[in-house]
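K.L.:
sequence and predicted model, in that order:
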Amino acid sequence: MGFGKAFSSEVKNQTDIVKVISDYLPLKKRGKNYVANCPFHTEKTPSFSVNPVMQVFHCFGCSVGGDVFGFIMQIERCDFVQAVKLLAEKAGIPIPQLDTKLDNNELAERREELLQINSWAVEFFQAQLFEGIEGKKALEYFEKRGITEETRQLLRLGYAPDKWDALSNFLRTKGAANSQIERSGLVILKEQSSGHYDRFRGRCIFPITDAQGRVIAFGGRVLGEGEPKYLNSPETPLYTKGRNLFGLSYAKEAIRKQRFAILVEGYLDFAIPFQEGVQNIVASLGTALTEQQVKLLGRYLETPQIVVNFDPDNAGVAATKRSLEILLEQGYKVNVLTLPDGEDPDTFIRGHGAVEYRQLLKKSQPYIDYILTQSMREHDISRPAGKVETLNAVLPFLSKMRDRVERSIYADQIADRLKIEGRVVREELKRAATNRLPQLDLAKIVDASPILASEKLLLEVILTNESLQKEIVPYLTTELFKDLFTEPIFTALISLIETGEQITFESLSSLVNPTKRKYCEKIIAELMTGTSLLANLDEQDLRDKALGSLSSLKRLLLEKEKAVLQSEINQAQRDGETARTTELYLKKFELAQQMRHLLGE
């Protein structure tokens, strides 16, 4: 009894023979292959060779050779089933519970039945493109999206009619039993009664294949309005989410030849570039990239290299960051391509062509530059605390860079881009980078970056002058002290005042986030025990100083808003949005008036 051909093939697809054998032997690179002294006979000169592209090994001394299963069976002295199980465990692939009622042949037959059903379903979906008004609309959709007839036939695209039982009736005419149809995932069981209905209705169909080109699942995009926009097959004995890459069976040879892959998100982001000649490309099937997908792709790359080209919206940025973590952990060299004007690979190539897309590929950013750019957009780098938050957002990704010297060099480049002049800050950044620390020592940074005089004065007024405290605190909105090093102290002070609790060192400290408590306690202690900024000032002078400090913080806030507005104006002008541009210019004018008012002009 065993796991069946489908499961063993999946395990093999998810396994890199070089990494497996490296656990047993010290392999050395020689040309395109890896060599070592053979573990199966005694020798002084290496004759044992591993081919990473073909995923096979061979010893020219004793003639032992085979695939990764053959190696494990030889080295572990086990049978095939045990080898499959061992490799599945190494790859983190859940091992299916063997049905004791079915022998190995019957399990294989079930999977073959599902492959046959999927093949019939492809036949049905393709034929529906030429049936009636619905089929015509589906054809028009593919044509509108730039899909040629050749590409449509290559990818076996089709259409599922908006009917409850069209596909299931067709499958029954082919001889499929209801139990087989239900195991395929192509239908949904009724909840209140017996029977089932078609899963895909009124959708353009994108067959999902495994690395060998066999259809194992389907994706459907709704034609017209409706939710969800995209719908995929559920998990079946053939298909497990997160273990396949859309288009890999078509792209694997191009990936091998070009020695790097392009990772995109959607079906059309794969189809249009592939159609136009950019063929070293795969799509992540709309799910978060997984370790199994990365390992599968690695089988076709001698040196793992990839360009991630997801959508530039917020969801795409988040997906890019998640993908980077997994790719870096698996030893990939990663670049990121962000297309201009918010375009995705599909729309960009249709609008500008494959030649221009390839030119942008050559200019894609090393992943750390991409992360820094995104972090600079998300934090206010005009303020010291904003720069530190930016650095702390970058450090986890910088730490995944394997070469210590390279991490140190990038630390200097990051400091330059953020215009960090302080020696202490630069040294702390370099120390964190070379030692793979997750964040900077904020206490050291604060010591090297003294807080603004306006921050310090306002804090001291609130701490020491109860009458002015009541006058000043209502003007202290969270926007004014956001991203200041002293933000946690302002927040804690206002909280204590609003609840009527006594303001002490302990009560303030207890309300500060533990990750920021150390440096905040130093500032609080200095404010409570150090030389006062307010000494020898009468009440009116003190009020004037406090209100002036409020104006300073307000001016900093308006400067930040002005920079954001200008960025939005630039984007609106690039997009040709005249009305939007005018609206933003009016807001900028109002902002300028507020700033002049603050300056007393």
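P.N.:
Happy to help now that I have it. This one's a predicted model, so the numbers in the text were calculated from it and none came from an experiment. Numbers count the residues shown, from 1 in each chain.
K.L.:
so where is the stretch 351-500 of the chain shaky, pLDDT-wise?
P.N.:
421-425, 441-451, 483 (pLDDT under 70).
K.L.:
just the helices in it please.
P.N.:
Under the criterion DSSP state H, counting those that start in this stretch, the stretch 351-500 of the chain contains helices at 354-362, 367-378, 384-398, 404-417, 423-434, 442-448, 453-464, 466-472, 478-481, 487-499.
K.L.:
what residues sit buried inside the first one?
P.N.:
Put plainly, it is helix 354-362. 354, 357, 360, 361 (16 or more other CB atoms under 10 Å). Bear in mind the C-beta positions are built from the backbone N, C-alpha and C, glycine included.
K.L.:
pop out the phi and psi values for the nearest residue to residue 457 once chain neighbours are set aside.
P.N.:
Nearest residue to residue 457 in three dimensions, chain neighbours excluded: residue 549, at 4.8 Å (CB to CB, 6 or more residues apart in numbering). Backbone geometry at residue 549, expressed as degrees, to the nearest 10, gives phi -70, psi -40.
K.L.:
the one 3 residues further on now?
P.N.:
Recorded main-chain torsions at residue 552 are phi -60, psi -40, according to degrees, to the nearest 10.
K.L.:
ok, so what distance separates it from residue 455?
P.N.:
9 Å (CB to CB, to the nearest Å).
K.L.:
also residue 346?
P.N.:
Per CB to CB, residue 346 is found 49 Å from residue 455.
K.L.:
pLDDT of stretch 171-188, averaged?
P.N.:
Here stretch 171-188 scores 95 as its mean pLDDT.
K.L.:
repeat that for stretch 256-263.
P.N.:
Rounded mean pLDDT across stretch 256-263 is 96.
K.L.:
which parts of that stretch are buried?
P.N.:
For stretch 256-263, by 16+ other CB under 10 Å, it's 258, 260, 261, 262, 263.
K.L.:
out of the helices of the stretch 351-500 of the chain, deepest packed?
P.N.:
Highest mean neighbour count of the helices of the stretch 351-500 of the chain: helix 384-398, a mean of 22 (counted as mean count of other CB atoms under 10 Å).
K.L.:
hang on, the earlier thing: if you tally nearby residues, what's the number for the residue nearest to residue 457?
P.N.:
Residue 549 has 22 neighbouring residues, counting by other CB atoms under 10 Å.
K.L.:
same question, the one 5 residues further on
P.N.:
A total of 18 residues lie near residue 554 under the criterion other CB under 10 Å.
K.L.:
helix or strand: which one has it?
P.N.:
helix 539-574 (DSSP states H and E).
K.L.:
so which elements touch that helix?
P.N.:
Packing partners of helix 539-574 (3 or more CB pairs under 8 Å, 6 or more residues apart in numbering; DSSP states H and E): helix 453-464, helix 466-472, helix 478-481, helix 578-598.
K.L.:
run the last query once more with 6 Å
P.N.:
If you count contacts as 3 or more CB pairs under 6 Å, 6 or more residues apart in numbering; DSSP states H and E, helix 539-574 packs onto helix 453-464, helix 478-481, helix 578-598.
K.L.:
looking at those, which is closest to residue 58?
P.N.:
The closest of these to residue 58 is helix 578-598. By CB to CB, the value is 64.7 Å.
K.L.:
dump the closest one to PDB, restricted to CA.
P.N.:
The C-alpha coordinates for helix 578-598 follow below in PDB (Å, rounded to 0.1, in the frame of the first residue of the first chain):
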ATOM      1  CA  THR A 578      -7.800  68.300 -14.400                       C
ATOM      2  CA  ALA A 579     -10.600  68.700 -12.000                       C
ATOM      3  CA  ARG A 580      -8.700  66.800  -9.300                       C
ATOM      4  CA  THR A 581      -5.600  68.900  -9.900                       C
ATOM      5  CA  THR A 582      -7.600  72.100  -9.500                       C
ATOM      6  CA  GLU A 583      -9.200  70.900  -6.300                       C
ATOM      7  CA  LEU A 584      -5.800  70.000  -4.800                       C
ATOM      8  CA  TYR A 585      -4.400  73.400  -5.700                       C
ATOM      9  CA  LEU A 586      -7.200  75.100  -3.900                       C
ATOM     10  CA  LYS A 587      -6.400  73.000  -0.800                       C
ATOM     11  CA  LYS A 588      -2.800  73.900  -1.100                       C
ATOM     12  CA  PHE A 589      -3.700  77.600  -1.300                       C
ATOM     13  CA  GLU A 590      -5.800  77.300   1.900                       C
ATOM     14  CA  LEU A 591      -2.900  75.600   3.500                       C
ATOM     15  CA  ALA A 592      -0.500  78.400   2.500                       C
ATOM     16  CA  GLN A 593      -3.000  80.900   4.100                       C
ATOM     17  CA  GLN A 594      -2.900  79.000   7.300                       C
ATOM     18  CA  MET A 595       0.900  79.000   7.300                       C
ATOM     19  CA  ARG A 596       1.000  82.800   6.700                       C
ATOM     20  CA  HIS A 597      -1.500  83.300   9.500                       C
ATOM     21  CA  LEU A 598       0.800  81.300  11.900                       C
END
